[in-house]
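# Generate coordinates for the sequence data below:
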Amino acid sequence: MADFTASSRALRGPATELWRNVLRQIPTVFGRLVFLASLRDPATDRYMHPGLTRMLGGSEADRALRQSHYQVFSQWIASSLEEQKVDLDDYLRRSGQETGSFRRFRNLAPPTARDVERQLYLIDLETLLELIRCERGAS
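Residues are numbered from 1 along each chain as shown. Reported below is the predicted structural model:
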């Protein structure tokens, strides 16, 4: 697993350990992306995690979570389609979810992602979900 705290000066000592433990519990990159996106309130554009917010305060926790979200997103889009497919299939299997609607996963990009990164994510995701649907339909 990548070091998700390397670029965040806010995460030190106990906060670093807490955050590493939280992310270690999520076995897939896509799962971490789903989790981090869920910590962002779209109405306020702020991230919150109860433990980190208690330890660091709202602004520092928001900054650290925002950086973690972008790091995981960058890790995802830098992966090959083959790696993404294995990871997404694993996420869907572990979570008991069907491929379902593309809409369910389309808003996982962090607000700091550039348009080109969002487009790459969306094109890859649509391709991967279709591939997985075809494979599962064929079995």
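
# Can you read off the backbone torsions of R46?
phi -110, psi 150 (degrees, to the nearest 10).

# distance of it from G57?
Distance, R46 to G57, by C-beta to C-beta, to the nearest Å: 12 Å. (C-beta placed from N, C-alpha, C; glycine too.)

# which of these two has more neighbours?
R46 (16 against 11; other C-beta atoms under 10 Å).

# Mean pLDDT per element in the chain, and the minimum belongs to which helix or strand?
Within the chain, confidence by mean pLDDT, DSSP states H and E is lowest for helix 13-24 among all helices and strands, at a mean of 85.

# Determine the set of other helices and strands touching it.
If you count contacts as 3 or more C-beta pairs under 8 Å, 6 or more residues apart in numbering; DSSP states H and E, helix 13-24 packs onto helix 50-56, helix 58-78.

# any chance of those in a markdown table, with distance to R24, mean neighbour count and mean pLDDT too?
Output for the helices and strands packed on helix 13-24, formatted as a markdown table (distance: least, C-beta to C-beta, whole Å; neighbours: other C-beta atoms under 10 Å; pLDDT from 0 to 100):
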| stretch | distance to R24 | mean neighbour count | mean pLDDT |
| --- | --- | --- | --- |
| helix 50-56 | 14 | 17 | 89 |
| helix 58-78 | 13 | 20 | 95 |
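
# helix or strand right after the least confident helix or strand of the chain?
Tracing the chain C-terminally past helix 13-24 and defining elements by DSSP states H and E, one meets helix 29-38 next.

# got the angle for that next one vs helix 58-78?
Taking axes from the mean of the first three to the mean of the last three C-alpha atoms, to 10 degrees, one finds helix 29-38 and helix 58-78 inclined to each other by 150 degrees.
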